[in-house]
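Asker: need coordinates for the following:
(2 chains)
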Number of protein chains: 2
Amino acid sequence: MIGGGQLARMLALAAAPLGVRVLAFDPAPDACTQSVAPVQQADFDDLAALHVFAERCEFITFDFENVSAPALDELSATRPVRPNARALALTQDRLSEKLLFTRLGIGVAEFVQIATHDDVRAIPASFKFPAILKTRRFGYDGKGQAKVPSVSALESSFIELGEVPCVLESRVRFERELSLIAVRSADGEMQSYPLVENIHVDGILSASLAPACVSDELALQARDYARLLADALGYTGVFAIEFFQVGGRLLANEVAPRVHNSGHWTIEGAETSQFENHIRAVTGLPLGSPAARGVSCMLNWIGELPDVRAALAVLGLHWHDYDKEPRAGRKVGHATITAPDFDQLAQRLMIVGSALGRETQVQPIIDAIHARG
Amino acid sequence: MIGGGQLARMLALAAAPLGVRVLAFDPAPDACTQSVAPVQQADFDDLAALHVFAERCEFITFDFENVSAPALDELSATRPVRPNARALALTQDRLSEKLLFTRLGIGVAEFVQIATHDDVRAIPASFKFPAILKTRRFGYDGKGQAKVPSVSALESSFIELGEVPCVLESRVRFERELSLIAVRSADGEMQSYPLVENIHVDGILSASLAPACVSDELALQARDYARLLADALGYTGVFAIEFFQVGGRLLANEVAPRVHNSGHWTIEGAETSQFENHIRAVTGLPLGSPAARGVSCMLNWIGELPDVRAALAVLGLHWHDYDKEPRAGRKVGHATITAPDFDQLAQRLMIVGSALGRETQVQPIIDAIHARG
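Answerer: Next comes the predicted model:
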């Protein structure tokens, strides 16, 4: 497992009952996976260390997308690397990703490449602002992004982001943000979890509702997109596609080539968690059912944990402390609240909100539940 | 965590999301907890090592009942030991346990103490055979027991068991074996899981059905017994009571002062697993709901694991490999099959039985499902 953050930690916890031992690889001396699995400490670009690591493993996977794709490609000569380096490389680059979406007939917001100041000046008059300028590579949780209210602000945004290759996207007036978690086995078997509705605050996921209340058509469209994409990439493992819902349509925003924050609810809320299914896919075991068990809401704990005693007193609440030091903007844990139906989920969320002083965080989910058709 | 076997392993896996780090203490160099938590390797009677261990911990608990109660009592001067040493000492001794049951008005099979050859000769004529002679201490999984078909065989059984202090119990013609898993917090809050029906083969648990199909009266009686017992012992943590159902009555067989094999189904089959609730109780966190989620059957894997691929292909099957070397009679893993209702559970068990060649193991559970009122 290249990476030793909370995703690796939850993957290791899911791997143990399958009899699969995880060895993590992370430069941080305090990688939070270390309390549940051994961690080899070395820099991600230390190729010699990566080779030693590969020697100790039967299969190689990763828990975050900013791993070096060429290094992974090199390791794949000695060990199965899942997902493959090509899929990683493609999803690391917002431009390649959008071009692939387009080629596969998957809707995306209007976009244009901004690599140079010439590109800034050559923006077509028809391009719709406001827009968002995003670096092609190394963006996550709202980092590497700048809001561009009008064409006149583009130049300064480009400079602000360091004049690195970027993609300019029209801002979409979406009704909802949705995501799909899916898993594909090495021999092409595919399973998709129900669509999830996501609430972001300041570019970071705040809450997810699963299943999202969507039409069968939309659910089917999302699953079709996931299948097209995974087959095109020869993908093995779990991945997530983030969508904007615009009218009755889905526009793909981005792909994460890994287990995803919007899939954390699957630990208690699905027959098989995304973490277990990723481990199954990577190690060549049969995939498990992605069916939901009741309904769930995942709440992210950003910066610091709320009061654990107050939280655990709430019926249906499941606690996940990542064993990380509190720090502003850092994901330090989450909770999943499960319930047999949406009405009971809304009730439990009201209790969670007031018990933890998190009314603002739960309200959009309660609203989404009340707004369902 | 004194002990580093599969119970400690599953406790450690349940502790991690609560932000609780487990340190295990075990003499075995290959204790199976070591792949998920650190293990301090030393003999259970190495008091100096136990003191070093206690220094490293905030709370002390154990995963098996043959820990030294006096040693635990000594450690309790420096750290909270949960459950307490008195509860452990009492449940380590079959005679004390039966005397406590009797004092609390909890039904037990007819029994008599056999400590000497004089006791053998002094058996009352009214005592009903066949019977079972059990050592007062250090018995588990059918060990330390001998069948005694008639009074004439008692002397040789006593010699066979090493002439150590024993209890002779009349064999009960029971309809079913049931168990109750319950948890009590340090401040006396109590939660009980639904009664479970157990199938033993050669003295070792083979399968559990949860919830057992029992009358409300029986369920209530079991809960009352658990409450009486836990209060009498000032108990903190999870414990199990094994019962025989005889007519409409419950006769208590024994108490296990720890998480129990017949509670493994709670990982997927209950709102909160027995492992998580034990950790919550020991560390002073609020208890979680013990309510069942659907219905479940736990199948023990004794000696060796069945084919994992065939198993994971079955809908609703959850796999638990303890990462232990196969050995005859050894518990090396289990699977829990969950379903929304008993009919679907029976169907899934038929599939499991034939897919794994375990028809004999699943049949008693299928029979129990069909026999329900």
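
Asker: burial count for the closest residue to residue A:261 other than its chain neighbours?
Answerer: Residue nearest to residue A:261 in three dimensions, not counting chain neighbours: residue A:205, with 4.9 Å by CB to CB, 6 or more residues apart in numbering or on different chains. Using the backbone N, CA and C atoms, a C-beta is placed for each residue, glycine as well. Counted with other CB atoms under 10 Å in any protein chain shown, the burial measure for residue A:205 works out to 24 neighbours.

Asker: now residue A:112: phi and psi?
Answerer: Its backbone dihedrals place residue A:112 at phi -150, psi 150, with angles given as degrees, to the nearest 10.

Asker: give the contact list for the most centrally placed residue in chain A.
Answerer: Nearest to the geometric centre of chain A sits residue A:260, at 3.2 Å (CA atoms, centre = their mean). With contact set as CB atoms under 8 Å, 6 or more residues apart in numbering or on different chains, residue A:260 has these partners: A:179, A:181, A:238-240, A:274.

Asker: ok, now residue A:187?
Answerer: Not one residue lies near residue A:187 by CB under 8 Å, 6+ apart.

Asker: can you tell me how far it is from residue A:234?
Answerer: Here the distance between residue A:187 and residue A:234 works out to 11 Å (CB to CB, to the nearest Å).

Asker: mutual contacts of those two, please.
Answerer: Contacts common to residue A:187 and residue A:234, judged by CB under 8 Å, 6+ apart, are absent.

Asker: average model confidence for the helix ranked longest in chain A?
Answerer: Longest among the helix segments of chain A by residue count, using DSSP state H, is helix A:216-233. Here the mean pLDDT over helix A:216-233 is 97, rounded to a whole number.

Asker: can I get that helix in CSV? Just the C-alpha atoms.
Answerer: As requested, the backbone C-alpha atoms of helix A:216-233 are provided in CSV (Å, rounded to 0.1, in the frame of the first residue of the first chain):
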residue,chain,number,x,y,z
ASP,A,216,-33.4,5.1,-12.0
GLU,A,217,-32.3,6.8,-15.2
LEU,A,218,-29.7,8.8,-13.5
ALA,A,219,-28.4,5.9,-11.5
LEU,A,220,-28.2,3.8,-14.7
GLN,A,221,-26.4,6.6,-16.5
ALA,A,222,-23.8,6.8,-13.7
ARG,A,223,-23.2,3.1,-13.8
ASP,A,224,-22.8,3.1,-17.5
TYR,A,225,-20.3,5.9,-17.3
ALA,A,226,-18.3,3.9,-14.7
ARG,A,227,-18.3,0.8,-16.8
LEU,A,228,-17.1,2.7,-19.9
LEU,A,229,-14.4,4.4,-18.0
ALA,A,230,-13.1,1.3,-16.1
ASP,A,231,-13.1,-0.8,-19.3
ALA,A,232,-11.2,2.0,-21.2
LEU,A,233,-8.6,2.1,-18.4
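
Asker: need the next SSE after that helix, C-terminal direction.
Answerer: Once the chain leaves helix A:216-233, the next helix or strand it forms, by DSSP states H and E, is strand A:237-246.

Asker: for that next one, which positions count as buried?
Answerer: Within strand A:237-246, the residues that count as buried by 16 or more other CB atoms under 10 Å in any protein chain shown are A:237-245.

Asker: which parts of the one helix or strand residue A:91 maps to are buried?
Answerer: Residue A:91 is located in helix A:85-92, with elements delineated by DSSP H and E. Taking 16+ other CB under 10 Å as the basis for neighbour counts, the residues of helix A:85-92 that come out buried are A:85, A:87-92.

Asker: kindly report the same for stretch A:199-211.
Answerer: In stretch A:199-211, residues buried by neighbour count (16+ other CB under 10 Å) are A:199-200, A:204-211.

Asker: off-centre distance for it?
Answerer: The chain centroid and the centroid of stretch A:199-211 are separated by 11 Å under CA atoms, centre = their mean, to the nearest Å.

Asker: show me what it is in contact with.
Answerer: Residues contacting stretch A:199-211 (CB under 8 Å, 6+ apart): A:141-143, A:145, A:177, A:179, A:193-198, A:261-262, A:264-266, A:269, A:292, A:295-300, A:302, A:329, A:331, A:361-362, A:364-365, A:368-369.

Asker: I would like a ChimeraX command selecting only the buried ones among those residues, please.
Answerer: Buried residues within the contacts of stretch A:199-211, by 16+ other CB under 10 Å, are selected in ChimeraX with:
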select /A:141,145,177,179,193,194,195,196,197,198,261,262,264,265,266,269,292,295,296,297,298,299,300,302,331,361,362,364,365,368,369
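
Asker: test my guess that residue A:322 contacts residue A:331.
Answerer: Yes - shown here, residue A:322 and residue A:331 form a contact pair, counting by CB atoms under 8 Å, at 7.0 Å.

Asker: overlap in contacts, those two.
Answerer: Going by CB under 8 Å, 6+ apart, residues that sit against residue A:322 and also against residue A:331 are residue A:6.

Asker: excluding chain neighbours, what is closest to the closest residue to chain B within the stretch 251-373 of chain A?
Answerer: With distances taken as CB to the nearest CB, the stretch 251-373 of chain A approaches chain B most closely at residue A:321, which sits 3.1 Å away. Ranked by CB to CB, 6+ apart and with sequence neighbours excluded, the top spatial neighbour of residue A:321 is residue B:19, at 3.1 Å.

Asker: that neighbour: neighbour count?
Answerer: Residue B:19 is flanked by 19 other residues according to other CB under 10 Å.

Asker: close enough to count as contact, it and residue A:325?
Answerer: No - contact status for residue B:19 versus residue A:325: not in contact, 11.9 Å apart, counting by CB under 8 Å.
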